[in-house]
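> just coords:
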């Protein structure tokens, strides 16, 4: 199977020169976590930018300084297993697809898992038990939000399981949640800037005003995690089959899920990267 068989052809991208504002607006509108970057007026790929880049470079406004330059790529003719191995080895979630330096698509971990593990039928009777990570990074639901982000960064994770006082799973908080909170802060500040005018706020964002609010973008509110975590938990059990797990992750647009016992106790977590390892073994 080739990358062309499972890649996303209608690719959302951002252009340089550009700003953090351009990226934030597009990510919020399309509900996506990463964007290829092309040279303005062309389809020539020059970089890629993710939500994590925005979080880690909080004081940077120019897209050229936020993006990762000259990213690894694949072509439509690349074997899917080769793309999967590259994503596994480099810990990528997505790869731009180029043809003669022109951006023609994007392939992600969910795309590959769907093509190899969900649709093949080869794993219909195999459970996720062997791929469950029993070393879970969790925080108490009363942990201050800024501290929870620090814990997530130190652990090198994209999400944390949140537990309550009794040790039960109360929710999940992810990189997307932190950025969503910062976007709300931006909206509130811009609204105050233009209070008392008839002009719609979304059309009143000047570069100067937006730069001011983006300097405050990552000052997370000092509230307990329980106030902002995702409480609608999508979970699986260790006897869930691999195709069923892949479908659950893809349907809910999540990259990991808590794994519960029959009694509802947290016993681990399943990450789509772990399943990607299995996908690289398929010929």
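Now that the structure is in, tell me what you want to look at. A quick note: this is a predicted structure, and the numbers were derived from the prediction, not measured.
> what about residue 43, how many neighbours?
Other residues near residue 43 come to 16 when the count uses other CB atoms under 10 Å. No exception for glycine: its C-beta is placed from N, CA and C like everyone else's.
> all strands of the stretch 51-200 of the chain, in order?
68-69, 94-99, 102-108, 138-140, 159-163, 169-174 (DSSP state E, counting those that start in this stretch).
> closest one to residue 49 among these?
For the strands of the stretch 51-200 of the chain, the distance to residue 49 is smallest for strand 68-69, at 7.1 Å, taking CB to CB.
> any chance of the strands of the stretch 51-200 of the chain in CSV, plus mean pLDDT, distance to residue 25 and mean neighbour count?
Below are the strands of the stretch 51-200 of the chain laid out as CSV (pLDDT from 0 to 100; distance: least, CB to CB, whole Å; neighbours: other CB atoms under 10 Å):
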stretch, mean pLDDT, distance to residue 25, mean neighbour count
strand 68-69, 92, 20, 12
strand 94-99, 94, 20, 22
strand 102-108, 94, 19, 21
strand 138-140, 94, 30, 18
strand 159-163, 90, 24, 23
strand 169-174, 89, 20, 21
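> out of these, flag the one nearest residue 228.
Closest approach to residue 228 among the strands of the stretch 51-200 of the chain (CB to CB): strand 169-174, 6.9 Å.
> so what are the domain limits for this protein?
Annotated domains of the chain cover 3-118, 129-176+221-279, 177-214 [automatic domain parsing].
> worst mean pLDDT among these?
Across the domains of the chain, domain 177-214 has the smallest mean pLDDT, namely a mean of 45.
> ok, which stretches of the stretch 1-150 of the chain are helices?
According to DSSP state H, counting those that start in this stretch, the stretch 1-150 of the chain carries its helices in the segments 20-30, 51-56, 63-66, 80-90, 109-113, 145-155.
> quick one: residue 93 from residue 39, how far?
23 Å (CB to CB, to the nearest Å).
> higher neighbour count, these two?
Between residue 93 and residue 39, counted using other CB under 10 Å, the more crowded position is residue 93 (17 against 13).
> which residues touch that one?
Contact analysis of residue 93 by CB atoms under 8 Å, 6 or more residues apart in numbering lists 33, 34, 50, 87, 108, 109, 255.
> give me the beta-bridge partners of the fifth one?
Each beta-bridge partner of residue 108 is listed here: residue 94, as defined by DSSP bridges.
> cool, the second one as well?
Beta-bridge pairing for residue 34 (DSSP bridges): residue 50.
> residues in contact with the residue nearest in space to the middle of the chain?
With distances taken as CA atoms, centre = their mean, residue 33 lies nearest the centre of the chain, 4.5 Å away. By CB under 8 Å, 6+ apart, residue 33 lies in contact with 27, 50, 51, 93, 175, 176.
> now it: phi and psi?
Note on residue 33: backbone dihedrals following degrees, to the nearest 10 are phi -100, psi -10.
> ok, it to residue 25 distance?
Taking CB to CB as the measure, residue 33 falls 14 Å from residue 25.
> residue 66 contacts residue 20, correct?
Yes. At 6.5 Å, residue 66 counts as touching residue 20 under the criterion of CB atoms under 8 Å.
> more neighbours, the two?
residue 20 (24 against 21).
> from residue 65, how far off is that one?
Distance, residue 20 to residue 65, using CB to CB: 10 Å.
> equivalent analysis for residue 56, please.
Distance from residue 56 to residue 65, counting by CB to CB: 12 Å.
> same question for residue 225.
Using CB to CB, residue 225 is found at 31 Å from residue 65.
> the two - which one has more neighbours?
Neighbour totals were compared for residue 225 and residue 65, and residue 225 leads with 23 against 11 (other CB under 10 Å).
> need the pLDDT of residue 120.
Reading off the model, residue 120 has pLDDT 66.
> quick check: buried residues in stretch 12-27?
Of the residues in stretch 12-27, 13-16, 18-24, 26-27 count as buried by neighbour count, 16 or more other CB atoms under 10 Å.
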